[in-house]
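Novice: Sequence and predicted structure, then a few things I'm wondering about:
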Amino acid sequence: MNKPKMVLITNDDGIDSPGLHALAAGAVEAGLKVTVAAPVVEASGSSASITAREDEGRIRIEERKLEGLDGVPAYAVHGAPGFIAMIATHGAFGDPPDVVLSGVNRGANVGRVILHSGTVGAALTAGINGGHGMAVSLDTGMHPAHLYWDNAARLATGLLPFLLEQEAGTVLNLNVPNTDSPELPEYRTATLAEFGIVQTTMAERGQQHLRLAIADSKEEAPPESDFALLAAGFATVTSIQPVTESKLPDLERSLPKPAGS
């Protein structure tokens, strides 16, 4: 009999997030061995930061009991989600997980601006440390009447067998429409749009201050992009890579030699 796969559930919305609890409950229901470790407070926008708050040289980790998740080890960590994913791969919460599930994030993570997402950063950190990672986000919009966290959790666990068949280091970014349809949305492979759901602009610049404004993106995205497919009602799946090098032209031939050499 195969051992249950070990899954770490984390996020950037904090240990009390309903999206985190729904994802953990979905993983338990799917027969996975689950550990929850998430920031003690919200850490949105932290990317793959491995920052943590030290107390006399130690990182505080508090055991928690999460409602409806009896028997699931849970920890509130005074650190960013990327930090949590990193220390998990080194056995901070028991045996290293087979996969890190990060989410369910409140709000879509689409386009190249996912670079800044703590949800995505945790999944990428798992991948760069030789594991598998999946970032899971719910396209909540600005003022949703209801949030269908369970749908996102079911689609995430449904995608796990596929993810675990891929080579170590594979990371997926899953975005789910916030819909009350009795049928779950279909998966669609998607490219990254050049922009995200919202954009940040400078609203005011003073001598000693700046003020920013956030607005919905008005640009049109290619039909095969995560932005467009999510808007069309599909659950978008994008394979993303941790940081890696790219090929340069022949540097030695292209640049002049330093003076005096």
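Specialist: Alright, I've got the coordinates.

Novice: Sketch out the low-pLDDT regions of the stretch 101-250 of the chain for me.
Specialist: Applying pLDDT under 70 to the stretch 101-250 of the chain flags the ranges 196-219.

Novice: Tell me where it has helices.
Specialist: Using DSSP state H, counting those that start in this stretch, the helices found in the stretch 101-250 of the chain span residues 118-128, 149-165, 226-231.

Novice: Out of these, the one nearest V110 is which?
Specialist: Among the helices of the stretch 101-250 of the chain, helix 226-231 comes nearest to V110, with 4.2 Å by CB to CB. Every C-beta, even on glycine, is put in place using the N, C-alpha and C of the backbone.

Novice: For that closest one, enumerate the helices and strands it packs against.
Specialist: With contacts defined as 3 or more CB pairs under 8 Å, 6 or more residues apart in numbering; DSSP states H and E, helix 226-231 has these neighbours: strand 171-177, strand 235-240.

Novice: quick revisit: return the most buried member of the helices of the stretch 101-250 of the chain.
Specialist: The highest average neighbour count among the helices of the stretch 101-250 of the chain, using mean count of other CB atoms under 10 Å, belongs to helix 118-128 at a mean of 29.

Novice: one step back: highest average neighbour count across the helices and strands packed on helix 226-231?
Specialist: Scoring the helices and strands packed on helix 226-231 by mean neighbour count under mean count of other CB under 10 Å gives strand 171-177 as the most buried, with a mean of 27.

Novice: Tell me the strands beside it, with direction?
Specialist: According to DSSP bridges, strand 171-177 has the following sheet partners: strand 132-139 (parallel), strand 235-240 (antiparallel).

Novice: what's the next secondary structure element after the shortest one?
Specialist: Translated: strand 235-240. Note on strand 235-240: by DSSP states H and E, the next helix or strand toward the C-terminus is helix 251-254.

Novice: Please provide the alpha-carbon coordinates for that next one, formatted as PDB.
Specialist: Output in PDB follows, covering the C-alpha atoms of helix 251-254 (Å, rounded to 0.1, in the frame of the first residue of the first chain):
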ATOM      1  CA  LEU A 251      30.200  38.200 -23.600                       C
ATOM      2  CA  GLU A 252      34.000  38.000 -24.000                       C
ATOM      3  CA  ARG A 253      33.700  38.900 -27.700                       C
ATOM      4  CA  SER A 254      31.000  41.600 -27.300                       C
END
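
Novice: quick one: buried residues of that helix?
Specialist: By neighbour count on 16 or more other CB atoms under 10 Å, the buried set for helix 251-254 is empty.

Novice: L69 is nearest to which of the helices of the stretch 101-250 of the chain?
Specialist: Between the helices of the stretch 101-250 of the chain, helix 149-165 lies closest to L69; by CB to CB that is 12.4 Å.

Novice: That closest one to strand 132-139, inter-axis angle?
Specialist: Helix 149-165 and strand 132-139 are oriented at 160 degrees to each other (axes from the mean of the first three to the mean of the last three CA atoms, to 10 degrees).
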